[in-house]
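# okay, predicted coordinates and the sequence, questions at the end:
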Amino acid sequence: GDAEILNKPGIAEYLNIEDYGAVGNDSTDSTTAIQDAIDDAIAQNKVVLIPSGTFRFTNLTANGPLNMVGLGVTSVLKKMSGTDNGLALIGSPSYHAKLSNFAIIAGTSQTSGSLIFIEETNQSGFDNLFLDGGYYGIYAYTSSQSAFRWVRVQNCEVNGMYFADCLDMYVDNCRSDNNADYGLHVNTVSGLYATNITCYGNTHGFYVENAISSPAIADTNGFHFYANCIGDSSSNHNWLIKSLTRSYFTACWGGSQSVDGQFNGFRFEDCQNITMAGGTALNNRGDGIYTDSSCDGIGIAGMNINGNGIGTSGGYGVNMNGDHISVTSNIFTGNGSGNIYGGNTTSTIYANTPDDTSIVGT
C-alpha cells in the first residue's frame with residue numbers, strides 16, 4: 001500500500017507525480033505533470049511514483065531508462081487519446097527500464113498506438129501491470145533481454161502483446177484475454193521463453209510468424225521455449241505457428257473454440273525441428289494438431305489428444321503432413337474423424353494408446 005512504499009528508506013529517490021501537479025480525480029488532464037516527472041526521473045536516475053488515483057493523460061514518452069512504480073491496481077493511468085502510444089519507452093538504445101505495480105487503461109476508443117510501446121529498450125523489467133482496452137496492449141520492437149512478469153492484458157482492438165524483431169524475451173505468468181486479434185503475437189523473434197501464459201477468448205491465442213523481411217536484431221525466428229502455456233476458447237486456431245524453427249512446446253494446451261469452423265488446437269505451417277512434449281489438444285472444432293506439407297521434423301510425444309473434430313466439418317487428433325513427423329506415446333480418445341491422418345515413408349507412429357491407433361488416410 002501507500003505506507004509501504006512511502007515509508008521505504010530512500011524515499012527521496014521517488015518523484016511523486018502529485019508533487020508535479022498530477023491530480024488523480026479521473027477528470028484532470030495530468031499529462032504535463034507526469035511527463036515532467038518522467039523527464040526529471042531519467043535525468044536524475046530516480047523513480048517515478050504513481051500514488052493511488054486515476055490520472056488522465058494523452059501521450060507520454062521516456063527517452064531513456066524509465067523506472068516507474070505504482071501502489072498496485074489503485075494506481076491508474078487513463079489514456080484519453082485514441083491515437084499514438086500511451087507510454088512510449090524509446091531507447092537509442094537504453095537499458096534497465098522498469099515498470100511495475102500500476103494499471104494503464106483506455107478512456108476512449110483506440111484507433112492506433114499501444115498502451116505501452118518499447119523500442120530499443122533492453123535488459124528491462126515489466127512486472128505486475130494491468131492493461132485494459134488499448135489498440136495494442138504491449139508492443140515491443142527491436143528490444144532484447146527484457147522480462148514481462150505477472151502482466152494482464154485484455155480487451156485490446158488488435159493484439160494483447162506483440163513482440164516484433166526482438167531477441168531473448170521472457171514472458172512469465174501473464175494473461176492476454178479477449179483481444180480482437182491475438183493474445184500473444186510473436187513476429188521474427190530469436191529466443192523467446194514463455195512460461196505459464198494464458199490466452200483466452202482471442203481470435204488466435206498464440207500467433208507466431210516470420211514476416212519481417214530485414215530484421216534489425218533477430219537472426220532467426222526460432223529458439224522458442226513454451227512451457228505450461230494455454231490457448232483456449234479462440235474464435236480461430238488456438239495456436240497458429242508459422243515459419244518457426246528449433247523450438248519446444250512442453251505441457252502446453254490448445255483447446256476449444258468459441259465458434260464453429262475447421263480450427264485447430266495447434267497448427268504448424270512451414271516449421272522445422274519442433275518438439276511437443278506432454279500437453280493437451282482437446283475439444284477443438286477441427287484437428288487437434290495439424291502440420292502442413294512444408295513442415296519437416298515435428299515430434300509429438302506424451303500428449304493427451306482427445307475429443308477433437310467436434311465441428312460440423314470434423315477433424316482428426318493429428319493431421320500429419322510434411323516430412324519426418326513423429327507421433328509417439330500419445331493418448332487418443334474420441335477424435336471425430338479419426339485419431340491420425342496422413343503421413344508418408346518418413347513418418348513415425350509408435351506406442352500410442354490405443355494400440356490400434358492407425359493412419360486413417362493419406
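The structure has been received and is ready for your questions. Numbers count the residues shown, from 1 in each chain.
# for the longest strand anywhere in the chain, the distance to its chain's centre please.
As assigned by DSSP state E, the longest strand anywhere in the chain is strand 182-195. Relative to its parent chain, strand 182-195 has a centroid offset of 6 Å by Cα atoms, centre = their mean, to the nearest Å.
# for it, C-alpha coordinates in CSV please.
Extracted in CSV, the C-alpha atoms of strand 182-195 (Å, rounded to 0.1, in the frame of the first residue of the first chain):
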residue,chain,number,x,y,z
TYR,A,182,-4.1,-12.3,-30.9
GLY,A,183,-3.3,-12.9,-27.3
LEU,A,184,0.4,-13.2,-27.8
HIS,A,185,1.7,-12.3,-31.3
VAL,A,186,5.4,-13.1,-32.0
ASN,A,187,6.9,-11.8,-35.2
THR,A,188,10.5,-12.7,-36.1
VAL,A,189,11.9,-13.2,-32.6
SER,A,190,15.1,-15.1,-31.9
GLY,A,191,14.9,-16.5,-28.4
LEU,A,192,11.5,-16.5,-26.6
TYR,A,193,11.0,-18.0,-23.1
ALA,A,194,7.3,-18.2,-22.3
THR,A,195,6.1,-19.9,-19.1
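# following element in sequence after it, please.
Sequence order places strand 198-200 as the next helix or strand after strand 182-195, per DSSP states H and E.
# contacts only, for residue 143.
Taking Cβ atoms under 8 Å, 6 or more residues apart in numbering as the contact definition, residue 143 lies against 91, 118, 119, 120, 121, 122, 124, 166, 167, 169. For the C-beta atoms, the positions are set from N, CA and C on the backbone; glycine is no exception.
# repeat that with 6 Å
Counting by Cβ atoms under 6 Å, 6 or more residues apart in numbering, residue 143 touches 118, 121, 122, 166.
# what's the answer for residue 17, then?
Contacts of residue 17 (Cβ under 6 Å, 6+ apart): 33, 34, 37, 50.
# what about 8 Å?
With Cβ under 8 Å, 6+ apart, residue 17 has these contacts: 30, 33, 34, 37, 48, 49, 50, 51, 55.
# these two touch, right, the first one and residue 19?
No. No contact is recorded between residue 30 and residue 19 when judged using Cβ atoms under 8 Å, the distance being 12.0 Å.
# and those two? Which one has more around it.
Shown here are residue 30 and residue 19; by other Cβ atoms under 10 Å, residue 30 has more neighbours (25 against 13).
# count the residues that sit near the closest residue to that one other than its chain neighbours.
Take residue 30 and drop its neighbours on the chain: the residue closest to it by Cβ to Cβ, 6 or more residues apart in numbering is residue 22, 3.8 Å away. For residue 22, the neighbour count with other Cβ under 10 Å is 26.
# so residue 22, which of the three states?
coil (DSSP: H, G, I helix; E, B strand; the rest coil).
# thinking it is in contact with residue 34, fair?
Yes. Assessed by Cβ under 8 Å, residue 22 is found in contact with residue 34 at 5.6 Å.
# what touches both of these two?
Contacts common to residue 22 and residue 34, judged by Cβ under 8 Å, 6+ apart, are residue 55.
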